[in-house]
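Student: missing the sequence, but the structure's below:
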């Protein structure tokens, strides 16, 4: 079986590599020639655990190919996945220009029946627009040719995307006819050997499922952060409250950890997009608007604690930041809380020394020159700093040598943005510890 994946970003590259790893012939397409050349030389455009190995292995075997020629790639392909970006517009809506450009080119160059499946996160009715775009391109060619559209949203967690794809908890597929369903069922059969996890539905429902899933997870995060802030005011401990509610199977213990807010390429963009969709149909999604508002405010919580401790004027002070990416095991800086924290510290006159195991190269695209001092390791960031801010809970930050940290910092003060440190232990070490909701 041969398929084409258009787009070699986070979704497209992981999907293409994992399909190839189960024996499918995959051609990944991108308009960026430099990116394609780097991929052929084993240079990854993103950091994702396990991705480099799986790409190299399948490229060397010939099952995974890279090209800029979409017309050549789709010849003989039974499925063409659209996995290009859908950046948010100023009003929060998803910009479909790249998705529809791919659909148009497929219509211009297809020569046989093909299932065009959207993997990009797209709003409801996108499937109809993709179908109309392909049909219009065929009419311009004066060609009558059967094809099908489908929606196959991804549910990959950054930092665990390869494992999620190879061992999915569910596969959602929106289709409009039996022929397309049979092809998609055959494509995903290698991932169903331990049980059938495919959920078939209509295309609009599949499109809506993706947004709803991310919106629900974002809601849990903002809800817990809102409760954590109240806990702090009333003298309760948010960590204990989290354990108390997380033991209830109706709630569960995932996505209820207090922190400095969510970021990344999915939650912020998708919450904005579904809120925008609601407004287009005259329906205000009031809960999700509150989710977004709480998250925006939460990114300022850690700096507010810094200012409460040291005062509003931070001129001449230096702060160590541990973690830059929006979550561990990724270099993704999109909508990362670290950006707001750095901007606020610098606006108050402070200097910032930062260390992240993976994301510093990405951060340097945002903060060029001497705006941020990038350090060799976590301890290097603490040298002569006035306090330490834990922003991203990388595993290497979980159990540092506090005796070493205390010798490097000017003040033994830790602002724990992820509640990963035991306050009692830190106080025994002579530190002042500030957490979220505790």
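Tutor: The structure has been received and is ready for your questions. As the structure is a prediction and not an experimental result, all values here were calculated from the model.
Student: Tell me where the longest helix sits in this protein.
Tutor: Counting by DSSP state H, the longest helix found in the chain is helix 203-234.
Student: pLDDT averaged over that helix - what is it?
Tutor: Per-region confidence: helix 203-234 scores 97 on mean pLDDT.
Student: tell me the residue furthest from the middle of the protein?
Tutor: Distance to the chain centre peaks in the chain at residue 142, reaching 41.2 Å (criterion: C-alpha atoms, centre = their mean).
Student: Show me the strands in the stretch 151-300 of the chain, by range?
Tutor: Counting by DSSP state E, counting those that start in this stretch, residue ranges of the strands within the stretch 151-300 of the chain are 171-174, 198-201.
Student: from the middle of its chain, how far away would the first one be?
Tutor: The offset between the C-alpha centroid of strand 171-174 and the centroid of the whole chain comes to 20 Å, using C-alpha atoms, centre = their mean, to the nearest Å.
Student: give the contact list for the residue lying closest to residue 71 once chain neighbours are set aside.
Tutor: Nearest residue to residue 71, sequence neighbours excluded (C-beta to C-beta, 6 or more residues apart in numbering): residue 109, at 3.7 Å. Where you see a C-beta, it was placed from the backbone N, CA and C, and this is true even at glycine. Each residue near residue 109 by C-beta atoms under 8 Å, 6 or more residues apart in numbering is listed here: 70, 71, 74.
Student: how's this structure carved up into domains?
Tutor: According to automatic domain parsing, the chain comprises the domains 2-201, 211-297, 299-434.
Student: just for this protein, where's the confidence low?
Tutor: 194-195 (pLDDT under 70).
Student: picking that back up, by neighbours, which of the contacts of residue 109 wins?
Tutor: Top of the contacts of residue 109 by neighbour number is residue 74, holding 25 neighbours under the definition other C-beta atoms under 10 Å.
Student: my read: that one touches residue 105, true?
Tutor: No. If you go by C-beta atoms under 8 Å, residue 74 and residue 105 don't touch, sitting 9.0 Å apart.
Student: Now, the contacts of residue 109 that are in helices?
Tutor: Per DSSP H, the contacts of residue 109 map to helices at 70, 71.
Student: Out of the contacts of residue 109, which comes closest to residue 287?
Tutor: residue 70 (40.3 Å; C-beta to C-beta).
Student: residues in contact with the closest one?
Tutor: 4, 6, 29, 102, 105, 106, 109.
Student: And for the fifth one, nearest residue in space, chain neighbours not counted?
Tutor: Yep, that's residue 105 we're talking about. Leaving aside its chain neighbours, residue 105 sits nearest to residue 70 (5.3 Å; criterion: C-beta to C-beta, 6+ apart).
Student: hey, where'd the helices end up in the stretch 101-250 of the chain?
Tutor: Listed in chain order, the helices of the stretch 101-250 of the chain (DSSP state H, counting those that start in this stretch) span 126-141, 161-166, 178-188, 203-234, 238-246.
Student: Show me what the longest one is packed up against.
Tutor: In terms of contact count using 3 or more C-beta pairs under 8 Å, 6 or more residues apart in numbering; DSSP states H and E, helix 203-234 is assigned the packing partners helix 126-141, strand 148-151, strand 171-174, helix 238-246, helix 267-280, helix 286-298.
Student: report the angle between the axes of the helix or strand encompassing residue 5 and helix 178-188?
Tutor: If you go by DSSP states H and E, residue 5 is part of strand 2-6. Following axes from the mean of the first three to the mean of the last three C-alpha atoms, to 10 degrees, one obtains 90 degrees for the angle between strand 2-6 and helix 178-188.
Student: The helix or strand just after strand 2-6 versus strand 2-6: what angle between them?
Tutor: Sequence-wise, the next helix or strand downstream of strand 2-6 (DSSP H and E) is helix 10-21. Between helix 10-21 and strand 2-6, the angle comes out at 160 degrees (the same axes, to 10 degrees).
Student: who's in contact with helix 10-21?
Tutor: Helix 10-21 has contacts (C-beta under 8 Å, 6+ apart) with 3, 5-6, 8, 26, 28, 30, 39, 44-46, 48, 51, 54-55, 57-58, 61, 63-64, 81, 83-84, 119-120, 154, 156, 158, 161-162, 165-166, 187, 265, 332.
Student: Residue 135: what's its closest spatial neighbour, skipping adjacent residues?
Tutor: residue 107 is the one closest to residue 135 (C-beta to C-beta, 6+ apart), at 7.1 Å.
Student: That neighbour and residue 136 touch, don't they?
Tutor: Yes. Look at residue 107 against residue 136 with C-beta under 8 Å: they come within range, at 6.9 Å.
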